[in-house]
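Visitor: structure for this input, please:
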Amino acid sequence: MSDRPEFYADRSSSVQIQLSLYFLIMLDLLSDILTNLSVRGTLYFRTSLTTPWGIEVPAYENVVRFHFAHRGDCLVEVEGSGKSVALEQGDLLIVPRGASHKLYCGLETREAILPLDTVIEKSGFTGTGVLVYGGDQDDRETQLICGHFSFDPHAKHVLMERLPPYIHIKNYGESAGKWIEATLQVIGDEAGGQRMGGDLIALKMSETILAHAIRSFIESNEAPEWGLDAFSDDNLRKALDAFHQSPDKHWTIEGLAQTAGMSRTSFAVLFQKKMAMTPMEYITAWRIEIAKRLLMVPKNTLTDAAEGAGYASNSAFTRVFKKETGMTPADFKKSVTSNRSDN
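Guide: Next comes the predicted model:
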């Protein structure tokens, strides 16, 4: 029999349930956002780098890049950040908007930096296995797991737009929990390996890592600086989750405030303060993103997109869509169709 009073046992269980619900809501929000952005991961290489070495990764649009230090360490310079980052073993670095960046073994060997295409050519890397590159100082090996996530060029969300030039999570495996540490170990073992299905396993796991890493940043002390702490606010998160679950519902500020357990005024003021936009501006922006996705499906009509995004009439939907995007829904659908034909 436990010597701990039942009150504390019940209280502990209650706290655990609340924490579980918190993480589920946060993950549901991120899942909805990332799914609508059509985020798709591509694990493009695992490295074995020996001093001296340096790689310059070019900029890419509509891409999130990541580097996980599986073993060893290196320095990273992300364009626009104005400083170098020390990426140590166990650290994760995410470049949210695909900016150009340099990875190299140390300041004394910075002149060894070469474009990624040149490094791939010199190493003889064929796209499978491990990219082996560098000098003969093999006593200091750096193993990186590198990849990127692409998202639809037509899609956008304030979450991705406001993330900083890079996100550096130190000792990520340990700080994120044992399951993340185990996941990263599996990715490191499977990526570029010879076992059947290894790359696919690593790829799907890396998509989980991205969602968790963004959540970690949102919950950090840096989030308010970038206008993203609304997603971790207990009250606002409830309203955001309710909206994302039923975006086509007739939402009002009063309804959102009630869901958040706040007065209309308090909710509106807090939302504006933490999100730097009004609740209805957020709702409109997200509904237009839903409409874009619906319009990209060939068989869907204007009415399908309007109803799916929560608009009662085609005329109201067309008016808002043009105001937000600069083109009518019909023109948008034509442009998407035209781009697909060209490709």
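Visitor: how is this protein carved up into domains?
Guide: 40-225, 229-342 (automatic domain parsing).
Visitor: let me have those in TSV, adding distance to Asp28 and mean neighbour count as columns.
Guide: To be clear about C-beta, it is placed using only N, CA and C from the backbone, and glycine gets the same treatment. What follows is the domains of the chain, written out as TSV (distance: least, Cβ to Cβ, whole Å; neighbours: other Cβ atoms under 10 Å):
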stretch	distance to Asp28	mean neighbour count
domain 40-225	11	17
domain 229-342	6	17
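Visitor: hey, least reliable of these by pLDDT?
Guide: Looking at these, the lowest mean pLDDT belongs to domain 40-225 (a mean of 83).
Visitor: distance between the ends of that domain?
Guide: End-to-end distance of domain 40-225 (Cα to Cα, to the nearest Å): 28 Å.
Visitor: where along the stretch 1-150 of the chain do the helices fall?
Guide: Listed in chain order, the helices of the stretch 1-150 of the chain (DSSP state H, counting those that start in this stretch) span 6-36, 116-123.
Visitor: ditto for the stretch 201-343 of the chain
Guide: Using DSSP H, counting those that start in this stretch, helices in the stretch 201-343 of the chain cover 234-245, 253-260, 264-275, 279-295, 302-308, 314-325, 329-342.
Visitor: show me the strands in the stretch 1-150 of the chain, by range?
Guide: 40-51, 54-57, 63-71, 74-78, 84-87, 92-95, 101-104, 113-115, 130-134, 137-150 (DSSP state E, counting those that start in this stretch).
Visitor: can you add distance to Trp251 and give these back as CSV?
Guide: Below are the strands of the stretch 1-150 of the chain laid out as CSV (distance: least, Cβ to Cβ, whole Å):
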stretch, distance to Trp251
strand 40-51, 30
strand 54-57, 41
strand 63-71, 29
strand 74-78, 38
strand 84-87, 41
strand 92-95, 32
strand 101-104, 40
strand 113-115, 49
strand 130-134, 49
strand 137-150, 30
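Visitor: tell me which of these sits nearest to Phe217.
Guide: Between Phe217 and the strands of the stretch 1-150 of the chain, the shortest gap by Cβ to Cβ is with strand 92-95, which sits at 8.2 Å.
Visitor: pairing partners for the closest one, with directions?
Guide: Sheet pairing for strand 92-95, assigned by DSSP bridges, gives strand 63-71 (antiparallel), strand 167-169 (antiparallel).
Visitor: out of those, flag the one nearest Ala330.
Guide: Among these, strand 63-71 sits nearest to Ala330 (Cβ to Cβ), with 29.4 Å.
Visitor: and the contacts of the closest one?
Guide: For strand 63-71, the surrounding residues in contact (Cβ atoms under 8 Å, 6 or more residues apart in numbering) are 39, 46, 57, 76, 87-98, 101, 103, 141-151, 160, 172, 184, 187-188, 206, 209-210, 213.
Visitor: ok, Gly134 to Ala69 distance?
Guide: Distance of Gly134 to Ala69, computed by Cβ to Cβ, to the nearest Å: 15 Å.
Visitor: equivalent analysis for Lys156, please.
Guide: As judged by Cβ to Cβ, Lys156 and Ala69 stand 30 Å apart.
Visitor: kindly report the same for Asp241.
Guide: Using Cβ to Cβ, Asp241 is found at 34 Å from Ala69.
Visitor: just Gly135 next, same as before
Guide: Note on Gly135: its distance to Ala69, by Cβ to Cβ, is 19 Å.
Visitor: now do Met280
Guide: 43 Å.
Visitor: same deal with Pro224?
Guide: On the measure of Cβ to Cβ, Pro224 and Ala69 end up 28 Å apart.
Visitor: quickly list what Gly147 is bridged to.
Guide: Legend: beta-bridge partners of Gly147 under DSSP bridges are Leu43, Phe66.
Visitor: so it sits right up against Gly41, yeah?
Guide: Yes - contact criterion Cβ atoms under 8 Å: Gly147 and Gly41 qualify, at 6.3 Å.
Visitor: so for Arg264, what's the nearest residue that isn't a sequence neighbour?
Guide: Once flanking residues are discounted, Arg264 sits nearest to Ala257: 4.7 Å by Cβ to Cβ, 6 or more residues apart in numbering.
Visitor: list the contacts of that neighbour.
Guide: The neighbours of Ala257, taking Cβ under 8 Å, 6+ apart as the test, are Ala239, Ser263, Arg264, Ser266, Phe267, Ala268.
Visitor: what two of the residues you listed are the furthest from one another?
Guide: The widest separation within the contacts of Ala257 (Cβ to Cβ) is 12.8 Å, between Ala239 and Ser263.
Visitor: list just the nearest of the contacts of Ala257 to Val336.
Guide: Using Cβ to Cβ, Ala239 comes nearest to Val336 of those, at 31.5 Å.
Visitor: one step back: same list (the helices of the stretch 201-343 of the chain) but as CSV, adding distance to Leu34.
Guide: Shown next, in CSV, are those (distance: least, Cβ to Cβ, whole Å):
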stretch, distance to Leu34
helix 234-245, 12
helix 253-260, 22
helix 264-275, 18
helix 279-295, 12
helix 302-308, 19
helix 314-325, 21
helix 329-342, 20
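Visitor: so which of those comes closest to Lys122?
Guide: Across the helices of the stretch 201-343 of the chain, Lys122 has its closest neighbour in helix 329-342 (34.1 Å, Cβ to Cβ).
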